[in-house]
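Engineer: Quick one, what's the 3D model for this:
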Amino acid sequence: MNEIQQVFEIAKEVILQGIHLADSYEDYFKLKSSLSTLGETGRGICRSLCEYCDRYNPRTFDRDFSEAMRNNRSYTIATFYEMVKGAGVDIKRNGTRHTFKRQPKITSKPRKNEQACYLPFSLVERSRSNANGLFGYLAKFFSSGELEIIADKYLIGSTKDGKTIYWQVDGEGHCHTGKIMAYDSNGHRIKSECGDRVDWVHSRLQRSGRLPKDWQLSQCLFGEHLLRLRPSDPVCVVEGEKTAVIMAAFFPKQVWVATGGKGLFSPARCSATLAGREVYVFADVDATEEWTKVASALRKTCKSVDVSDWYQLEGVQPKWDIADWCLMEWERERHGV
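Structural biologist: Residues are numbered from 1 along each chain as shown. From the prediction side, this is the model:
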């Protein structure tokens with residue numbers, strides 16, 4: 001096992017344990033600097049580790065990492081190993097082999113005087129609309145009445161230029177943030193010239209000076225507010241917010257929630273939220289192995305956890321999610337194939 005493979009395996013373990021390595025600016029700087037020594041491969045590993053940390057900003061990540069590749073002279077890959085060990089992962093390196101020792105309790109690195117930061121719920125109310133690119137696309141598959149119900153359940157918002165806002169609201173009704181995404185007429189995400197994938201409501205507010213720079217993001221599941229409203233219904237977990245919306249339209253008797261990212265499905269984030277619930281996990285095709293491990297850990301606190309093998313169905317393509325397959329089947333039935 002070479003150096004890159006070693007780092008990749010360690011990173012997977014860090015994500016699986018739900019450990020935040022980069023919640024402070026100092027840790028974020030050290031992490032991206034140390035992983036920049038691996039070149040472009042390090043970029044992907046660093047993004048996966050940072051994606052669910054408070055310091056992560058998708059708009060500036062690539063620029064920050066490229067800058068680290070050009071200018072880093074202070075940190076080596078040894079810094080990464082030190083950060084991982086300092087976070088509680090026991091790494092024993094013997095030649096090209098790693099072993100991991102799981103910790104009895106999964107925790108993230110606490111911040112001094114930590115207080116949860118929320119956005120005014122009035123922002124959610126003012127944005128409520130399904131006049132966006134995503135729902136324009138979904139009108140090909142569902143009636144206007146069905147789409148209105150889904151938009152209402154999931155508190156869907158729209159920007160003035162037709163982007164979709166996925167609000168993260170927890171069971172207490174606190175608004176954590178809103179993820180802003182643009183879609184074309186085929187339901188595909190529109191990326192900017194610099195490759196930005198998403199924007200965030202809290203980031204926009206900070207850039208405009210309407211939110212303090214020290215405001216700290218703490219994410220929750222998309223659709224989490226529905227869990228308290230429907231305490232006895234089965235819970236289905238998917239990766240993407242769009243997937244949750246589509247599947248809720250197809251199968252409304254279940255509560256569909258989304259993690260918002262492959263690495264965001266972790267015991268640290270989901271154990272308490274899903275405790276005592278009947279849970280069904282629908283991993284994207286490229287995340288089945290990692291999510292199966294997390295599902296196994298969640299069985300300690302959930303009533304039950306089952307991992308769907310939908311990815312073995314006929315016609316499934318690499319990187320698909322369960323909604324892709326359902327929409328394909330809808331098209332087949334429509335055309336009598």
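
Engineer: what distance separates stretch 201-218 from the middle of the whole chain?
Structural biologist: In this view, stretch 201-218 has its centroid 19 Å away from the chain centroid, taken as Cα atoms, centre = their mean, to the nearest Å.

Engineer: list the buried ones in that stretch?
Structural biologist: Buried residues in stretch 201-218, counted by 16 or more other Cβ atoms under 10 Å: Val201, His202, Ser203, Leu205, Gln206, Leu211, Leu217, Ser218. In short, each C-beta sits where N, CA and C put it, glycine included.

Engineer: now stretch 305-321
Structural biologist: Under the neighbour-count criterion of 16+ other Cβ under 10 Å, stretch 305-321 has Val305, Val307, Ser308, Trp310, Tyr311, Val316, Trp320, Asp321 buried.

Engineer: Nearest to Trp167 among the buried residues of stretch 201-218?
Structural biologist: Closest approach to Trp167 among these (Cβ to Cβ): Val201, at 8.0 Å.

Engineer: shouldn't that closest one be in contact with Leu123?
Structural biologist: Yes - if you go by Cβ atoms under 8 Å, Val201 and Leu123 touch, sitting 6.6 Å apart.

Engineer: For the stretch 201-337 of the chain, which segments count as helices?
Structural biologist: 201-207, 225-229, 241-250, 267-270, 288-298, 322-335 (DSSP state H, counting those that start in this stretch).

Engineer: With respect to burial, which of these scores highest?
Structural biologist: Most buried of these by mean neighbour count (mean count of other Cβ atoms under 10 Å) is helix 241-250; its value is a mean of 24.

Engineer: helices or strands next to it in the packing?
Structural biologist: Counting contacts by 3 or more Cβ pairs under 8 Å, 6 or more residues apart in numbering; DSSP states H and E, helix 241-250 is packed against helix 133-138, helix 144-153, strand 175-181, strand 235-238, strand 255-258, helix 322-335.

Engineer: Dump the C-alpha coordinates for it into CSV.
Structural biologist: The C-alpha coordinates for helix 241-250 follow below in CSV (Å, rounded to 0.1, in the frame of the first residue of the first chain):
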residue,chain,number,x,y,z
GLU,A,241,-31.8,16.6,-1.2
LYS,A,242,-33.2,16.3,-4.7
THR,A,243,-33.3,12.5,-4.2
ALA,A,244,-35.3,12.9,-0.9
VAL,A,245,-37.8,15.2,-2.6
ILE,A,246,-38.4,12.9,-5.6
MET,A,247,-38.7,9.8,-3.4
ALA,A,248,-41.1,11.5,-1.1
ALA,A,249,-43.3,12.2,-4.1
PHE,A,250,-43.1,8.5,-5.2
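
Engineer: if we look at that helix, which residues are touching it?
Structural biologist: The contact list for helix 241-250 (Cβ atoms under 8 Å, 6 or more residues apart in numbering) reads 134, 138, 141-142, 146-147, 150, 153-154, 156, 164, 166, 179, 181, 183, 187, 222-223, 236, 238, 254, 256-258, 260, 282, 321-323, 326-327.
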